[in-house]
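build me a model from this:
(2 chains)
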Amino acid sequence: MDLQNLNPSSLKSRFTARFLRALTEINAPKTISSSSPREIFQRYRRIKVAADKSMAYSVRSRRIWSRATLWRLRTRSRSRRLVSFGRRASVKTRTTASHGKENKEHHGAVLGVQAEELRELVPGGEAMDLCNLLDETAHYIKCLTTQGFCVYMGGLLCEGCC
Amino acid sequence: MSGRRSRSKQSSVSRITDDQIADLVSKLQQLIPELRRRRFNKVSSSKVLQETCNYIRSLHREVDDLSDRLSQLLASTDSDSDQAAIIRSLLM
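This next block holds a predicted model:
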């Protein structure tokens, strides 16, 4: 895989660079028992977080879903120490959710019910009005496919190195 | 999209029309492999939303499986220094 040929400003190349960097960090501390099931599971979780982080940081705050993901990642890492942080997060959702609800009732009333399921799948979806939800979903899907591609490429790389 | 922020007045609620919603739904339809072929047949908006949810879930599962496979692979490497060096050189 030739990274130099990728457009340096494209989402794919930004994501891949971040993700590969994270992978080398995840793989760095090599202990004797590195293939125990527990270690493998911990590595799996770190890879998943790295994939979500790489994706969200590559998009930054340009999208509601990426801001929600960044928020969730940051809150999770501090959740043990700061209980009040979680309370602030729920207040934040409440104020924007009531704003979104007015639009849910007026527009696409039929779609409003089906959109509930989608709201749970798209980060930050609970607080979006239907228009934003549909728009954000389209971008989120594009990024998810890029994420899958990059994790797959990371796997190929590691396979090639074994 | 930034114009939609001023939604506090009741009268501006009609700015978001059903046409805009239909347009966004059809854009979504193009992204979903299941529905892309049926472009010229009318697919209902609720069907699009349903398939979108299924598709997002399958994408999540795919990333999960790939991450799982990757974690297994990283555990089975013989020499971590070789692998790390190769990956690092690819990043340059």
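
low-confidence ranges, chain A, go.
In the predicted model of chain A, residues A:1-9, A:28-34, A:79-110, A:161-162 satisfy pLDDT under 70.

what residues of the top helix by length along it count as buried?
Determined from DSSP state H, the single longest helix within chain A is helix A:130-161. Neighbour counts using 16 or more other Cβ atoms under 10 Å in any protein chain shown place A:130-141, A:143-144, A:146-148, A:150-155, A:157-158, A:161 of helix A:130-161 among the buried residues. (Each C-beta comes from the backbone N, C-alpha and C, glycine too.)

same for chain B: which of the residues you listed are within range?
A:130-132, A:134-135, A:137-138, A:140-141, A:144, A:147-148, A:151-152, A:154-155, A:157-158, A:161 (Cβ under 8 Å from any Cβ of the partner chain).

using the three-state scheme, assign residue A:123.
coil (DSSP: H, G, I helix; E, B strand; the rest coil).

leaving out sequence neighbours, find the closest residue to it.
residue A:68 (3.9 Å; Cβ to Cβ, 6 or more residues apart in numbering or on different chains).

from residue A:143, how far out is that neighbour?
The spacing between residue A:68 and residue A:143, counted by Cβ to Cβ, to the nearest Å, is 13 Å.

was I right about residue A:138 contacting residue B:26?
No - here residue A:138 does not reach residue B:26: they are 10.6 Å apart, not a contact under Cβ atoms under 8 Å.

all helices of the chain, in order?
Since no chain was named, I'll use chain A. A:11-27, A:37-59, A:64-78, A:83-106, A:109-121, A:130-161.

hmm, no, I was thinking of chain B.
B:18-31, B:33-36, B:45-75, B:80-91.

of these, which shows the lowest average pLDDT?
Mean pLDDT per stretch puts helix B:80-91 lowest among the helices of chain B, at a mean of 60.

list the buried residues of stretch B:42-58.
In stretch B:42-58, counting by 16+ other Cβ under 10 Å, buried: B:43, B:45, B:47-49, B:51-53, B:55-56.
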